[in-house]
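In: The sequence and its predicted three-dimensional model are supplied below.
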Amino acid sequence: MKKNEKKPYWSFKAAAREGEGELYIYGDITSWEWDESDTSANSFKRDLDAQGDIHTLQLYINSPGGSVFEGVTIHNILKRHKARVVVHVDGLAASIASVIAMAGDEIHMPRNAMMMIHNPWTFTWGNAAELRKAADDLDRIGLSMKQTYLDRAGDKLSEDKLTELLNAETWLSAQECYDYGLCDVVGEASQAAACISPELFAKYRNVPEGLAAKTAQPVAEGANDKKTQEYLQSIRETAAMEIQNLNSYIGGIING
(Lines give C-alpha, C1' and ligand atoms only; values in the text may rest on other atoms or scores of the structure.)
Protein backbone atom coordinates (compact mmCIF):
# COMPACT_ATOMS: atom_id res chain seq x y z
CA MET A 1 0.00 0.00 0.00
CA LYS A 2 1.34 3.43 -0.93
CA LYS A 3 2.32 5.98 1.69
CA ASN A 4 -0.67 7.94 3.07
CA GLU A 5 -3.04 5.69 1.12
CA LYS A 6 -6.17 4.88 3.07
CA LYS A 7 -7.41 1.33 3.39
CA PRO A 8 -10.68 0.96 1.47
CA TYR A 9 -13.79 0.55 3.61
CA TRP A 10 -14.42 -2.87 2.10
CA SER A 11 -12.23 -5.70 0.93
CA PHE A 12 -12.54 -9.18 -0.47
CA LYS A 13 -10.63 -12.25 0.66
CA ALA A 14 -10.48 -15.62 -0.99
CA ALA A 15 -13.05 -17.91 0.55
CA ALA A 16 -11.96 -21.08 2.29
CA ARG A 17 -14.47 -23.20 0.37
CA GLU A 18 -15.11 -23.29 -3.35
CA GLY A 19 -18.24 -21.45 -4.40
CA GLU A 20 -18.15 -19.06 -1.41
CA GLY A 21 -17.10 -15.44 -1.32
CA GLU A 22 -16.22 -13.17 1.60
CA LEU A 23 -16.89 -9.45 1.77
CA TYR A 24 -15.75 -7.10 4.53
CA ILE A 25 -17.23 -3.66 5.24
CA TYR A 26 -14.87 -2.49 7.96
CA GLY A 27 -15.08 1.31 8.03
CA ASP A 28 -16.88 4.34 6.58
CA ILE A 29 -19.21 4.00 3.60
CA THR A 30 -18.32 6.88 1.31
CA SER A 31 -19.11 8.29 -2.10
CA TRP A 32 -16.09 10.65 -2.16
CA GLU A 33 -12.96 9.19 -3.71
CA TRP A 34 -10.31 11.27 -1.93
CA ASP A 35 -7.61 8.93 -3.18
CA GLU A 36 -7.34 5.82 -5.32
CA SER A 37 -8.12 3.48 -2.42
CA ASP A 38 -11.61 4.95 -1.78
CA THR A 39 -14.46 3.10 -3.43
CA SER A 40 -17.86 4.00 -4.83
CA ALA A 41 -20.82 1.66 -5.14
CA ASN A 42 -19.98 1.27 -8.84
CA SER A 43 -16.49 -0.05 -8.18
CA PHE A 44 -17.89 -2.16 -5.33
CA LYS A 45 -20.21 -3.85 -7.80
CA ARG A 46 -17.39 -4.48 -10.25
CA ASP A 47 -15.35 -6.25 -7.59
CA LEU A 48 -18.34 -8.25 -6.39
CA ASP A 49 -19.01 -9.38 -9.95
CA ALA A 50 -15.34 -10.36 -10.24
CA GLN A 51 -15.90 -13.01 -7.55
CA GLY A 52 -17.49 -15.15 -10.22
CA ASP A 53 -20.16 -17.79 -9.84
CA ILE A 54 -20.53 -18.08 -6.05
CA HIS A 55 -23.49 -19.66 -4.28
CA THR A 56 -22.84 -18.12 -0.83
CA LEU A 57 -21.51 -14.73 0.20
CA GLN A 58 -20.25 -14.19 3.75
CA LEU A 59 -20.60 -10.47 4.55
CA TYR A 60 -18.73 -9.12 7.60
CA ILE A 61 -19.68 -5.64 8.88
CA ASN A 62 -18.04 -3.27 11.35
CA SER A 63 -19.08 0.18 10.18
CA PRO A 64 -20.45 3.48 11.56
CA GLY A 65 -22.29 4.11 8.30
CA GLY A 66 -21.79 6.97 5.87
CA SER A 67 -23.38 7.87 2.54
CA VAL A 68 -27.07 6.91 2.42
CA PHE A 69 -27.24 6.50 -1.35
CA GLU A 70 -24.03 4.45 -1.55
CA GLY A 71 -25.33 2.21 1.23
CA VAL A 72 -28.76 1.79 -0.34
CA THR A 73 -27.09 0.93 -3.64
CA ILE A 74 -24.91 -1.70 -1.96
CA HIS A 75 -28.00 -3.13 -0.23
CA ASN A 76 -29.82 -3.42 -3.55
CA ILE A 77 -26.78 -4.96 -5.27
CA LEU A 78 -26.68 -7.63 -2.58
CA LYS A 79 -30.43 -8.28 -2.77
CA ARG A 80 -30.21 -8.79 -6.53
CA HIS A 81 -27.23 -11.13 -6.30
CA LYS A 82 -28.13 -14.78 -6.75
CA ALA A 83 -25.87 -15.93 -3.91
CA ARG A 84 -27.20 -16.60 -0.42
CA VAL A 85 -25.95 -13.70 1.72
CA VAL A 86 -24.93 -14.46 5.31
CA VAL A 87 -24.29 -11.27 7.29
CA HIS A 88 -21.99 -11.16 10.34
CA VAL A 89 -22.11 -7.91 12.37
CA ASP A 90 -18.66 -8.25 13.88
CA GLY A 91 -18.75 -5.07 15.95
CA LEU A 92 -21.15 -2.36 14.79
CA ALA A 93 -23.64 -1.82 11.98
CA ALA A 94 -24.73 1.80 12.41
CA SER A 95 -26.91 4.05 10.32
CA ILE A 96 -26.85 3.03 6.64
CA ALA A 97 -24.60 0.05 7.50
CA SER A 98 -27.58 -1.41 9.36
CA VAL A 99 -29.63 -1.12 6.16
CA ILE A 100 -26.91 -3.02 4.28
CA ALA A 101 -27.09 -5.71 6.96
CA MET A 102 -30.78 -6.16 6.21
CA ALA A 103 -29.80 -7.57 2.80
CA GLY A 104 -28.72 -10.77 4.52
CA ASP A 105 -30.68 -13.97 4.11
CA GLU A 106 -29.31 -14.75 7.56
CA ILE A 107 -27.87 -12.25 10.05
CA HIS A 108 -25.48 -13.19 12.88
CA MET A 109 -24.41 -10.93 15.75
CA PRO A 110 -22.01 -11.68 18.61
CA ARG A 111 -23.63 -10.76 21.91
CA ASN A 112 -21.34 -7.72 22.31
CA ALA A 113 -22.10 -6.34 18.81
CA MET A 114 -24.49 -3.42 18.24
CA MET A 115 -26.73 -1.93 15.59
CA MET A 116 -27.80 1.71 15.41
CA ILE A 117 -30.85 2.93 13.51
CA HIS A 118 -32.06 6.49 12.98
CA ASN A 119 -33.87 8.72 10.51
CA PRO A 120 -31.85 10.02 7.55
CA TRP A 121 -30.51 13.56 7.70
CA THR A 122 -28.61 15.93 5.43
CA PHE A 123 -26.92 19.30 5.09
CA THR A 124 -28.71 21.68 2.73
CA TRP A 125 -29.26 25.30 1.80
CA GLY A 126 -31.47 27.29 -0.53
CA ASN A 127 -34.78 29.09 -0.68
CA ALA A 128 -37.99 27.97 1.03
CA ALA A 129 -39.10 25.79 -1.89
CA GLU A 130 -35.71 24.06 -2.07
CA LEU A 131 -35.70 23.42 1.69
CA ARG A 132 -39.21 21.95 1.52
CA LYS A 133 -38.09 19.68 -1.31
CA ALA A 134 -35.09 18.54 0.74
CA ALA A 135 -37.42 17.68 3.64
CA ASP A 136 -39.76 15.79 1.29
CA ASP A 137 -36.80 13.89 -0.14
CA LEU A 138 -35.69 12.90 3.37
CA ASP A 139 -39.21 11.69 4.13
CA ARG A 140 -39.21 9.48 1.04
CA ILE A 141 -35.75 8.09 1.85
CA GLY A 142 -36.85 7.49 5.43
CA LEU A 143 -39.94 5.57 4.32
CA SER A 144 -37.81 3.37 2.07
CA MET A 145 -35.38 2.61 4.91
CA LYS A 146 -38.27 1.95 7.31
CA GLN A 147 -39.78 -0.56 4.91
CA THR A 148 -36.43 -2.33 4.63
CA TYR A 149 -36.38 -2.90 8.41
CA LEU A 150 -40.05 -3.92 8.52
CA ASP A 151 -39.64 -6.43 5.70
CA ARG A 152 -36.78 -8.06 7.60
CA ALA A 153 -38.45 -7.99 11.02
CA GLY A 154 -41.81 -9.45 10.01
CA ASP A 155 -44.31 -9.52 12.86
CA LYS A 156 -41.64 -9.00 15.54
CA LEU A 157 -41.54 -5.22 15.04
CA SER A 158 -44.53 -2.92 14.52
CA GLU A 159 -44.32 0.22 12.41
CA ASP A 160 -45.17 2.38 15.44
CA LYS A 161 -42.36 0.85 17.51
CA LEU A 162 -39.88 1.18 14.64
CA THR A 163 -40.82 4.84 14.21
CA GLU A 164 -40.15 5.37 17.91
CA LEU A 165 -36.73 3.70 17.63
CA LEU A 166 -35.77 5.69 14.53
CA ASN A 167 -36.83 9.01 16.05
CA ALA A 168 -34.75 8.31 19.14
CA GLU A 169 -31.55 7.28 17.25
CA THR A 170 -31.51 3.92 19.02
CA TRP A 171 -28.42 1.79 19.69
CA LEU A 172 -29.58 -1.80 19.82
CA SER A 173 -27.79 -4.71 21.48
CA ALA A 174 -27.55 -8.03 19.68
CA GLN A 175 -30.29 -9.46 21.91
CA GLU A 176 -32.58 -6.51 21.14
CA CYS A 177 -31.93 -6.97 17.42
CA TYR A 178 -32.90 -10.62 17.80
CA ASP A 179 -36.04 -9.73 19.74
CA TYR A 180 -37.06 -7.22 17.03
CA GLY A 181 -36.32 -9.63 14.18
CA LEU A 182 -33.32 -7.67 12.90
CA CYS A 183 -30.94 -10.60 13.36
CA ASP A 184 -31.33 -14.37 13.42
CA VAL A 185 -28.48 -15.65 15.59
CA VAL A 186 -26.81 -14.20 18.70
CA GLY A 187 -23.40 -15.80 19.20
CA GLU A 188 -20.45 -15.61 21.55
CA ALA A 189 -18.76 -12.26 22.20
CA SER A 190 -16.37 -11.15 19.45
CA GLN A 191 -12.96 -9.54 19.76
CA ALA A 192 -13.23 -7.87 16.34
CA ALA A 193 -11.03 -4.77 16.13
CA ALA A 194 -12.86 -1.47 15.82
CA CYS A 195 -12.20 0.27 12.50
CA ILE A 196 -14.42 3.24 13.14
CA SER A 197 -13.34 6.87 12.76
CA PRO A 198 -14.02 8.74 16.04
CA GLU A 199 -14.81 11.99 14.21
CA LEU A 200 -17.78 10.33 12.53
CA PHE A 201 -19.40 9.64 15.90
CA ALA A 202 -19.55 13.39 16.58
CA LYS A 203 -22.69 13.68 14.45
CA TYR A 204 -24.60 11.02 16.43
CA ARG A 205 -26.43 11.98 19.62
CA ASN A 206 -26.61 8.80 21.67
CA VAL A 207 -23.30 7.00 21.16
CA PRO A 208 -22.80 4.61 24.11
CA GLU A 209 -19.93 5.87 26.28
CA GLY A 210 -18.15 2.52 26.25
CA LEU A 211 -18.16 2.36 22.45
CA ALA A 212 -16.90 5.92 22.05
CA ALA A 213 -14.09 5.27 24.54
CA LYS A 214 -12.95 2.14 22.72
CA THR A 215 -12.76 3.87 19.36
CA ALA A 216 -11.03 6.94 20.78
CA GLN A 217 -8.28 5.00 22.52
CA PRO A 218 -6.25 3.90 19.47
CA VAL A 219 -6.06 7.52 18.27
CA ALA A 220 -4.82 8.72 21.66
CA GLU A 221 -2.17 6.02 21.85
CA GLY A 222 -0.90 6.86 18.38
CA ALA A 223 -1.06 10.62 18.73
CA ASN A 224 2.68 11.01 18.28
CA ASP A 225 2.76 8.79 15.23
CA LYS A 226 3.69 10.80 12.11
CA LYS A 227 1.05 9.17 9.94
CA THR A 228 -1.64 9.86 12.56
CA GLN A 229 -0.58 13.50 12.79
CA GLU A 230 -0.72 13.86 9.00
CA TYR A 231 -4.21 12.35 8.98
CA LEU A 232 -5.44 14.68 11.75
CA GLN A 233 -3.90 17.66 9.97
CA SER A 234 -5.75 16.77 6.77
CA ILE A 235 -9.01 16.72 8.77
CA ARG A 236 -8.26 20.15 10.25
CA GLU A 237 -7.42 21.61 6.82
CA THR A 238 -10.56 20.21 5.24
CA ALA A 239 -12.72 21.53 8.08
CA ALA A 240 -11.11 24.98 7.84
CA MET A 241 -11.77 25.11 4.10
CA GLU A 242 -15.41 24.09 4.58
CA ILE A 243 -15.87 26.77 7.25
CA GLN A 244 -14.31 29.38 4.96
CA ASN A 245 -16.59 28.41 2.09
CA LEU A 246 -19.64 28.46 4.36
CA ASN A 247 -18.75 31.91 5.71
CA SER A 248 -18.32 33.21 2.17
CA TYR A 249 -21.68 31.79 1.19
CA ILE A 250 -23.43 33.27 4.24
CA GLY A 251 -21.70 36.59 3.63
CA GLY A 252 -23.06 36.64 0.09
CA ILE A 253 -26.58 36.08 1.38
CA ILE A 254 -26.30 38.85 3.98
CA ASN A 255 -24.70 41.34 1.62
CA GLY A 256 -26.61 40.29 -1.52
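Out: In hand now; what should we look at? Numbering: from 1, shown residues only.

In: Per-residue pLDDT of the residue lying closest to Ile77 once chain neighbours are set aside, please?
Out: For Ile77, ignoring the flanking residues on the chain, the nearest one in space by CB to CB, 6 or more residues apart in numbering is Lys45 at 5.3 Å. The C-beta positions use only the backbone N, C-alpha and C, and glycine is treated the same way. What the model reports for Lys45 is a pLDDT of 85.

In: host element of Lys45?
Out: When secondary structure is defined using DSSP states H and E, the element that contains Lys45 is helix 41-49.

In: Tell me which helix or strand comes right after that helix.
Out: Past helix 41-49, heading to the C-terminal end, the next element that is a helix or strand (DSSP H and E) is strand 56-63.

In: mind listing what's buried in that next one?
Out: 57-63 (16 or more other CB atoms under 10 Å).

In: Counting by contacts, list what it packs against.
Out: On a contact count with 3 or more CB pairs under 8 Å, 6 or more residues apart in numbering; DSSP states H and E, strand 56-63 meets strand 20-25, strand 84-94, helix 96-101.

In: and the ones you listed, which is most packed in?
Out: helix 96-101 (a mean of 26; mean count of other CB atoms under 10 Å).

In: Check which helices and strands that helix is in contact with.
Out: Other helices and strands packing on helix 96-101, by 3+ CB pairs under 8 Å, 6+ apart, are strand 56-63, helix 68-80, strand 84-94, strand 114-117, helix 128-153.

In: so which of these gets nearest Ile29?
Out: Comparison of the helices and strands packed on helix 96-101 against Ile29 by CB to CB identifies helix 68-80 as nearest, at 5.1 Å.

In: okay, the angle between the closest one and helix 128-153?
Out: Between the axis of helix 68-80 and that of helix 128-153 there is an angle of 30 degrees, by axes from the mean of the first three to the mean of the last three CA atoms, to 10 degrees.
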